[in-house]
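1. Sequence unavailable; structure follows:
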């Protein structure tokens with residue numbers, strides 16, 4: 001018997017696990033007919049999931065948390081039983097901005113620290129001369145893009161919404177907005193940074209994996225009621241997506257994956273523009289130290305829904321003033337990610353999973369082997385570029401320590 005599932009997605013490289021699951025038969029092997037519906041904005045994905053037009057969706061990692069904290073239009077409880085990979089975002093600046101950054105000091109690399117210092121010099125020069133504030137685009141208020149951009153700016157001595165304006169744009173509009181001069185830069189998932197570079201509109205100045213290594217980005221989102229009523233189907237789906245993630249994570253498959261993603265129904269961009277992010281090279285850069293760290297769909301427990309990731313996003317929601325901090329709100333955020341469901345499914349098929357639901361974020365400076373339910377898992381590095389540590393057991397202190 002085949003179960004049909006409709007899944008919303010946006011045309012992004014990190015939708016790869018869903019696309020490969022459909023196109024390569026991983027979903028069909030588990031008795032699932034996956035109907036992938038390309039959407040134009042994250043708001044549409046959120047709303048169609050909430051009202052039942054999608055059973056599941058490719059979703060921004062903070063989206064289930066925001067829904068459960070009452071920050072979205074519909075009163076629908078969402079959960080994330082699986083992550084869809086680590087990393088995959090970058091920050092792209094216009095040619096004019098790059099010229100300003102270089103004119104005020106040496107700046108060549110992709111490191112978040114160097115890029116942040118160079119941008120801070122531009123911001124200071126503009127303020128002293130009475131120039132207009134820079135404007136950066138992100139894809140949604142409750143997105144990893146918004147929170148990582150703000151974190152990077154703040155840690156670089158730049159005050160978001162004061163020194164730099166932040167506006168919302170759907171991913172496919174970013175490159176054109178940059179090329180037309182409407183924005184000075186943007187933080188978005190691939191391939192839209194590479195598309196901007198290919199258009200000649202700008203250059204990638206730093207990456208998510210440089211701001212926070214092995215950091216969360218997208219999740220599989222489902223309604224809580226649907227998950228409760230369709231536990232067997234969800235089990236089969238997670239098995240299919242895990243096998244897809246394994247395949248996507250193999251370098252030997254990247255050319256084929258880029259070709260799949262390039263189809264008009266999916267990303268609609270050249271495979272040559274999509275491939276660099278899969279291989280860890282940076283489109284348009286002469287050299288890169290990113291390697292496989294830029295986007296990881298499988299290794300380093302990339303599909304495990306860490307509750308410490310959920311709590312870090314929650315801490316940034318508090319920092320930005322979206323929600324008041326309370327023990328009840330923190331617990332709601334934590335329970336939005338469901339490692340218990342993931343662990344139950346994966347142990348049933350012999351996949352090693354972390355024995356803990358949370359970890360200290362930013363503590364691993366290199367890859368290490370850790371104990372798991374079976375065999376070993378390799379985690380890290382997971383450091384923040386400014387050397388900060390997020391201990392979910394010290395959430396109150398972390399929130400109190402953050403600057404706006």
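-> Yep, that arrived. This structure is a prediction, so every number in the text was calculated from the model and none was measured.

2. where along the stretch 251-400 of the chain do the strands fall?
-> For the stretch 251-400 of the chain, the strands defined by DSSP state E, counting those that start in this stretch occupy 295-296, 368-371, 376-379.

3. Check the offset of stretch 293-300 from the chain's centre.
-> Here stretch 293-300 is found 12 Å from its chain centre; the criterion is C-alpha atoms, centre = their mean, to the nearest Å.

4. quick one on the thing from earlier: which one, of the strands of the stretch 251-400 of the chain, ends up nearest to residue 180?
-> Among these, strand 295-296 comes nearest to residue 180, with 27.6 Å by C-beta to C-beta. (C-beta placed from N, C-alpha, C; glycine too.)

5. May I have the strands that pair with the closest one, each with its orientation?
-> strand 86-87 (antiparallel) (DSSP bridges).

6. Could you tell me the average pLDDT over the next helix or strand after the partner strand, please?
-> Note on strand 86-87: by DSSP states H and E, the next helix or strand toward the C-terminus is strand 89-94. Per-residue pLDDT over strand 89-94 has a mean of 97.

7. Next secondary structure after strand 89-94?
-> Strand 89-94 is succeeded, C-terminally, by helix 95-103 (DSSP H and E).

8. now the angle from that next one to strand 89-94?
-> 90 degrees (axes from the mean of the first three to the mean of the last three C-alpha atoms, to 10 degrees).

9. burial measure for the residue nearest to residue 255 when sequence neighbours are not counted, as a count.
-> In this structure, residue 255 finds its nearest non-sequential neighbour in residue 275, 6.6 Å apart by C-beta to C-beta, 6 or more residues apart in numbering. Here the number of neighbours of residue 275 (other C-beta atoms under 10 Å) works out to 21.

10. got a list of what residue 275 touches?
-> 254, 255, 258 (C-beta atoms under 8 Å, 6 or more residues apart in numbering).

11. what about the second one, distance to residue 276?
-> According to C-beta to C-beta, to the nearest Å, residue 255 stands 12 Å off from residue 276.

12. now do the last one
-> Going from residue 258 to residue 276 by C-beta to C-beta gives 9 Å.

13. How about residue 16?
-> 14 Å.

14. more neighbours, these two?
-> residue 16 (32 against 25).

15. how distant is stretch 94-111 from the center of its chain?
-> 25 Å.

16. And it, what's buried?
-> In terms of neighbour count (16 or more other C-beta atoms under 10 Å), stretch 94-111 has its buried residues at 94, 97, 98, 100, 101, 104, 107, 109, 110, 111.

17. can you give me phi and psi for residue 115?
-> phi -60, psi -40 (degrees, to the nearest 10).

18. can you tell me which residues contact it?
-> By C-beta under 8 Å, 6+ apart, the residues touching residue 115 are 91, 101, 107, 109, 205, 206.

19. now the residues you listed in CSV, with distance to residue 263?
-> Shown next, in CSV, are these (distance: C-beta to C-beta, whole Å):
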residue, distance to residue 263
91, 27
101, 36
107, 37
109, 34
205, 30
206, 30
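
20. closest to residue 122 among the residues you listed?
-> Closest to residue 122, out of all of the contacts of residue 115 and judged by C-beta to C-beta, is residue 101, at 5.7 Å.

21. Next up, the contacts around that closest one.
-> 93, 107, 115, 118, 119, 121, 122, 205.

22. Could you measure from residue 53 over to residue 180?
-> Applying C-beta to C-beta to residue 53 and residue 180 gives a distance of 33 Å.

23. who's more crowded, the two?
-> Counted by other C-beta under 10 Å, residue 53 and residue 180 do not tie: residue 53 has more neighbours, with 14 against 9.

24. tally of neighbours for residue 400?
-> Applying other C-beta under 10 Å, we find 10 residues neighbouring residue 400.

25. for the one 3 residues further on, same thing?
-> Under the neighbour criterion other C-beta under 10 Å, residue 403 is assigned a count of 8.

26. quick one, what contacts it?
-> residue 154.

27. What is the least confident helix or strand in the chain?
-> Least confident helix or strand, the chain: strand 368-371 with a mean of 79, by mean pLDDT, DSSP states H and E.

28. Torsion angles phi and psi at the residue of the chain most remote from its centre?
-> The C-alpha centroid of the chain is most remote from residue 129, which lies 35.9 Å away (C-alpha atoms, centre = their mean). Here is the backbone geometry of residue 129 (degrees, to the nearest 10): phi -100, psi 0.

29. how much space is there between it and residue 102?
-> For residue 129, the distance to residue 102 - C-beta to C-beta - is 18 Å.
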